[in-house]
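*Asks:* sequence and predicted model, in that order:
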Amino acid sequence: MYYLELIHRFWGFNQKISIGSTGISMYLYLLKIAYDNDRYDFQISDVAISKELGLTTKTVKSTKEKLKSLGLIQFQTKNGLPCNYRLLLDYPLSVSEQTNVKKEEIIQKEEGLVFPSPTVSPIQILSENLNQEDEVQSSREKSNNKNTPSWEEFIEFAQTLEIYNQQLDFEIQTKYESWKNNGWKNHADRPITNWKSALKSALPFMKKTTEGSMLSLKSIPNINRPKSLSKK
């Protein structure tokens, strides 16, 4: 794991988008867990994070949503089970000016650092910024690939492939969000001109990752010593 490189990348990202102290603490803590486990996907409960960082579970939930919206992590929750996290490695380092302003306003509002202007509705400001962000994102996707799929189309195609099984859904969603957030470019920053072919090629690697994760959760079986050896 490139632990120090990820810290430097995150710090450069934070200089362009003010994530806030709570978001910084939680991301660095998640990065530490990933480093301790030597893998980018792991499980941990909201209660465990809240105890470690001194936050309420409500703050933990809102903060992980914030980190997800910034493209830094993916997570999947199930009732009664620890949350499944994945650290994303190829998140974009630059954002539009309007996106930066919008996210900084949301973060400041959550942390109680500033109050909205009384002359302009906060909902109006947020709505305008969200619309502008959607337009920028839509324009970016169209310029890079005229045939970018929706999530429904993406997962429906994946389900037609022979190697597919339901255990791959989380990996497939992570890959979709990663490509989408990067303007439909791969980890080498090259445009994905045929997303179906790219997904088909990526599925075997996703399967290996999923199988490795499942095997790590299984206990090592007890191996009885052969009788012929025990007599000796």
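*Replies:* Looks like it arrived, so ask away.
*Asks:* I figured Tyr164 hits Ala202, correct?
*Replies:* No: with contact defined as CB atoms under 8 Å, Tyr164 and Ala202 do not form a contacting pair (11.8 Å). Every C-beta, even on glycine, is put in place using the N, C-alpha and C of the backbone.
*Asks:* quick one, strands of the protein?
*Replies:* In the chain, the segments counted as strands under DSSP state E are 41-44, 73-76, 83-87.
*Asks:* flag every buried residue along stretch 64-75.
*Replies:* Within stretch 64-75, the residues scored as buried using 16 or more other CB atoms under 10 Å are Lys64, Lys66, Leu67, Leu70, Gly71, Leu72, Ile73, Gln74, Phe75.
*Asks:* switch those over to TSV; also include pLDDT and distance to Lys208.
*Replies:* Shown next, in TSV, are these (pLDDT from 0 to 100; distance: CB to CB, whole Å):
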residue	pLDDT	distance to Lys208
Lys64	94	26
Lys66	92	31
Leu67	92	26
Leu70	88	28
Gly71	88	24
Leu72	89	24
Ile73	92	21
Gln74	92	18
Phe75	94	21
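*Asks:* need those in JSON lines with distance to Thr174, can you?
*Replies:* As requested, these are exported to JSON lines (distance: CB to CB, whole Å):
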{"residue": "Lys64", "distance to Thr174": "15"}
{"residue": "Lys66", "distance to Thr174": "18"}
{"residue": "Leu67", "distance to Thr174": "14"}
{"residue": "Leu70", "distance to Thr174": "15"}
{"residue": "Gly71", "distance to Thr174": "11"}
{"residue": "Leu72", "distance to Thr174": "12"}
{"residue": "Ile73", "distance to Thr174": "10"}
{"residue": "Gln74", "distance to Thr174": "5"}
{"residue": "Phe75", "distance to Thr174": "10"}
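*Asks:* ok, the residues you listed vs Phe154, which is closest?
*Replies:* For the buried residues of stretch 64-75, the minimum distance to Phe154 (CB to CB) is 14.6 Å, reached by Gln74.
*Asks:* measure that closest one to Gly23 for me?
*Replies:* Distance of Gln74 to Gly23, computed by CB to CB, to the nearest Å: 16 Å.
*Asks:* likewise His187?
*Replies:* For His187, the distance to Gly23 - CB to CB - is 24 Å.
*Asks:* before we move on, what about Asp41?
*Replies:* Counting by CB to CB, the gap from Asp41 to Gly23 is 20 Å.
*Asks:* what does Trp151 give?
*Replies:* Distance of Trp151 to Gly23, computed by CB to CB: 25 Å.
*Asks:* in terms of neighbours, single out the busier of the two.
*Replies:* Using other CB atoms under 10 Å as the criterion, Trp151 and Gly23 rank with Gly23 on top: 22 against 12.
*Asks:* does that one touch Ser62 like I think?
*Replies:* No: at 9.8 Å, Gly23 does not count as touching Ser62 under the criterion of CB under 8 Å.
*Asks:* residues near Asn11, how many?
*Replies:* For the record, residue 11 is Trp, not Asn. By other CB under 10 Å, 11 other residues sit near Trp11.
*Asks:* this structure: helices as residue ranges?
*Replies:* Applying DSSP state H to the chain gives helices spanning 3-16, 21-37, 46-53, 57-69, 97-111, 122-144, 151-160, 169-181, 195-217, 227-231.
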